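Chemist: let's see this in three dimensions:
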Amino acid sequence: MMFMLIVKASKNSEGANLPDPELMEAMDKYNEELVKAGVRVMAKGLHPSSNGIRISFPKPGEKPVVTDGPFTETKELIAGFILIEVKSREEAIEWAMRMPDPQGYGEGQIELRQVF
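Modeler: As a prediction, this is how the structure comes out:
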């Protein structure tokens, strides 16, 4: 079963503020554990939404609308993701629970979603 650990954006990640060295070290260690266990498929961080483009489809059959970032609602944005291949939903939850606070400022939030 494949799951995506979606790291939600925060004011800090949207401000392009790098995590402190302790958090970077903790995240490196966490990623090494995922690799060593053979469950990590991919892990990537994303640029802030100020570098993003949103394409929306407000009216069926009409041309899509292109909007340049930044996008103001950070709770709807993603700062990065880790894709894991595990045996069960429970194992995916266990791995997600082991991740350090990805924002490091008490703002961290992870959404766990199974991939089709």
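
Chemist: please make it C-alpha for all contacts and neighbour counts, starting now.
Modeler: Noted.

Chemist: the helices in the chain, which residues?
Modeler: Applying DSSP state H to the chain gives helices spanning 11-14, 21-36, 89-98.

Chemist: least reliable of the ones you listed by average pLDDT, please.
Modeler: Mean pLDDT is lowest for helix 11-14 out of these, coming in at a mean of 83.

Chemist: show residues contacting that helix.
Modeler: Here helix 11-14 makes contact (Cα atoms under 8 Å, 6 or more residues apart in numbering) with L18, P48, S49, S50, T74, A79, Q103.

Chemist: ChimeraX command for the buried members of these?
Modeler: Entered in ChimeraX, the line below selects the buried ones among these, by 16 or more other Cα atoms under 10 Å:
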select :48,49,74,79,103
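
Chemist: could I get the contacts of helix 11-14 as CSV with distance to V66?
Modeler: As requested, the contacts of helix 11-14 are arranged in CSV below (distance: Cα to Cα, whole Å):
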residue, distance to V66
L18, 29
P48, 17
S49, 14
S50, 14
T74, 19
A79, 21
Q103, 29
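
Chemist: minimum pLDDT in the contacts of helix 11-14, which residue is that?
Modeler: Ranked by pLDDT, those bottom out at T74, which has 66.

Chemist: follow-up on the earlier one: out of the contacts of helix 11-14, which sit inside strands?
Modeler: A79 (DSSP state E).
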